[in-house]
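A.B. asks: Test case, fold it:
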Amino acid sequence: MTSPVMLPPASRGVLVASPSPSLREQIRRSLQPRPWPVLEVSGGADALVKLESGEWPVLFLDRRLPDLDADEILKIIKVRFPATEVVLLDSDGALPVATLLGSWLKPLDLAPAGPAPCPALGAAASPAAEDCAPLPGMLGTSGAMQRLYRLTRLVAPRLTTVLVLGATGAGKELVARAIHRLSPRAENPWIVVNCAAIPETLLESELFGYARGAFTGAVQSYAGRIQAAQGGTLFLDEVGELPLSLQAKLLRFLEQKEVQRLGSSDAVRVDVRVVAATNCDLERHMEEGKFRRDLYFRLSTFPLVLPPLRERRGDILLLAEHFLRLSAGTSAVPVLSPEARGRLEDHAWRGNVRELQQVMERAVILAEGAGHILPEHLQYSSARETVAAKTAAGRSL
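C.D. replies: Numbering: from 1, shown residues only. Predicted coordinates for the structure are as follows:
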């Protein structure tokens, strides 16, 4: 007989993870008479992100998920969220949901439950602690970044297509590179295509290649960047800028794992893992008819959200000191004055990590070998912000 689930108090809720809208709706209706909030997600990755908040001590988990294996999720929950109760369901099962849930909904145990926090960095070595460590080439110890590190390590060994979402300058390519470096494909090609930087008239031939004589000037065949990534990873940066005329062809490649060169009728099988990134609001692009929904769902099998710098204030000084060391090179590394540290923490950082790196490089130059970085050495990208910073610095001196 199935054991009763540990049900939450009314202040906390029930999380339902299933790609089936009908299954999610059946569970919601079955739980409706009770006072618990119900949150629905369609995949395993989203479920793991939500469990981090501690507000969902009960998870109804579909065995058939589009992104992760249910058994893998159970292992992760056992280590990271041992107090979370999991109810396994099957969206293709023959029994009605009400029958499957019946034994779980009685007797009611209202004891509170909560997730186990991720161990702090530097704690005794354990699988969970390793998952919290920064990705190759990245820094940051904030909770938001630790969640990103864990999810990235979870998906990196698989062939799953990943969509990295984040603002300009936040470090999306670093996340994509980390996925490649942590995957079994690390020794194979890493090919980058910036969809916004290549003219639309050339992008198709760059991606898919062309046969000799396909157009004027095509004096020899060209394999294209997708084929160049054979056995490795193709990174499609700024994929939100991909023209509609190419989106259908990219979708076919993702579904069939085949490419067809311009001017050729032959389809070539390829083994390529795709990671895409964008700073665009793809939901709005889809509503405006600028981005295909079917392509979006194919690309976003496993979405990773990179938080902007303003949402991880605790990482600002850590990154600033790192960039100071890089900018100083073989010279003595200047120290941030207390006033400069305060200015850095208070800044909006609309340009994210990239802006911080540029500010620290300029600060080292402006300090002219002095041992300290002062507020007047912090020259921001915006002229208005620079003037304001100078005025504030003058008042504080």
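A.B. asks: just the strands in the stretch 251-397 of the chain please.
C.D. replies: 258-260, 267-269, 273-278, 302-305, 335-336, 372-373 (DSSP state E, counting those that start in this stretch).
A.B. asks: Would you mind putting the ones you listed into TSV with mean neighbour count, mean pLDDT and distance to R293 alongside?
C.D. replies: All C-beta spots, glycine's among them, are computed from the backbone N, C-alpha and C. Output for the strands of the stretch 251-397 of the chain, formatted as TSV (neighbours: other CB atoms under 10 Å; pLDDT from 0 to 100; distance: least, CB to CB, whole Å):
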stretch	mean neighbour count	mean pLDDT	distance to R293
strand 258-260	18	86	22
strand 267-269	13	86	25
strand 273-278	25	96	15
strand 302-305	20	91	15
strand 335-336	18	92	47
strand 372-373	20	89	48
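A.B. asks: Out of the ones you listed, which gets nearest to M138?
C.D. replies: strand 302-305 (12.3 Å; CB to CB).
A.B. asks: The closest one packs against which elements?
C.D. replies: helix 44-51, helix 143-155, strand 162-165 (3 or more CB pairs under 8 Å, 6 or more residues apart in numbering; DSSP states H and E).
A.B. asks: tell me the most buried of the ones you listed?
C.D. replies: For the helices and strands packed on strand 302-305, the largest average neighbour count (mean count of other CB atoms under 10 Å) is found in strand 162-165, namely a mean of 24.
A.B. asks: mind exporting stretch 182-201 as CSV, just the C-alpha atoms?
C.D. replies: Coordinates of each C-alpha in stretch 182-201 appear next as CSV, following Å, rounded to 0.1, in the frame of the first residue of the first chain:
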residue,chain,number,x,y,z
LEU,A,182,31.6,19.8,-19.0
SER,A,183,30.2,17.6,-21.7
PRO,A,184,31.6,14.4,-23.3
ARG,A,185,32.1,16.6,-26.4
ALA,A,186,34.7,18.8,-24.7
GLU,A,187,37.5,17.6,-27.0
ASN,A,188,35.4,18.1,-30.2
PRO,A,189,34.6,21.3,-32.1
TRP,A,190,33.1,24.3,-30.4
ILE,A,191,31.5,26.5,-33.2
VAL,A,192,30.0,29.9,-32.6
VAL,A,193,27.5,31.6,-34.9
ASN,A,194,26.3,35.1,-34.0
CYS,A,195,22.9,35.3,-35.7
ALA,A,196,22.8,39.1,-35.3
ALA,A,197,26.3,39.8,-36.8
ILE,A,198,26.0,37.9,-40.1
PRO,A,199,24.0,39.6,-42.9
GLU,A,200,20.7,37.7,-43.6
THR,A,201,21.8,37.1,-47.2
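A.B. asks: The chain should start at 17 in everything you say after this.
C.D. replies: Noted, 17 is the first residue going forward, which turns the last one into stretch 198-217.
A.B. asks: L55 belongs to a strand?
C.D. replies: Yes - under DSSP: H, G, I helix; E, B strand; the rest coil, L55 sits within a strand.
A.B. asks: how deep is it tucked in, by neighbour count?
C.D. replies: L55 has 17 neighbouring residues, counting by other CB atoms under 10 Å.
A.B. asks: Nearest residue to it in space, please, no chain neighbours.
C.D. replies: Nearest residue to L55 in three dimensions, chain neighbours excluded: L31, at 5.3 Å (CB to CB, 6 or more residues apart in numbering).
A.B. asks: did I read that right, that neighbour in a strand?
C.D. replies: Yes - per three-state DSSP, L31 lies within a strand segment.
A.B. asks: Can you give me the end-to-end span of stretch 294-309?
C.D. replies: Using CA to CA, to the nearest Å, one end of stretch 294-309 lies 15 Å from the other.
A.B. asks: tally of neighbours for the residue nearest to L55?
C.D. replies: Neighbours of L31 (other CB under 10 Å): 23.
A.B. asks: Show the contacting residues for it.
C.D. replies: Neighbouring residues of L31 by CB atoms under 8 Å, 6 or more residues apart in numbering: 54-55, 57, 63, 66-67, 72, 74-76.
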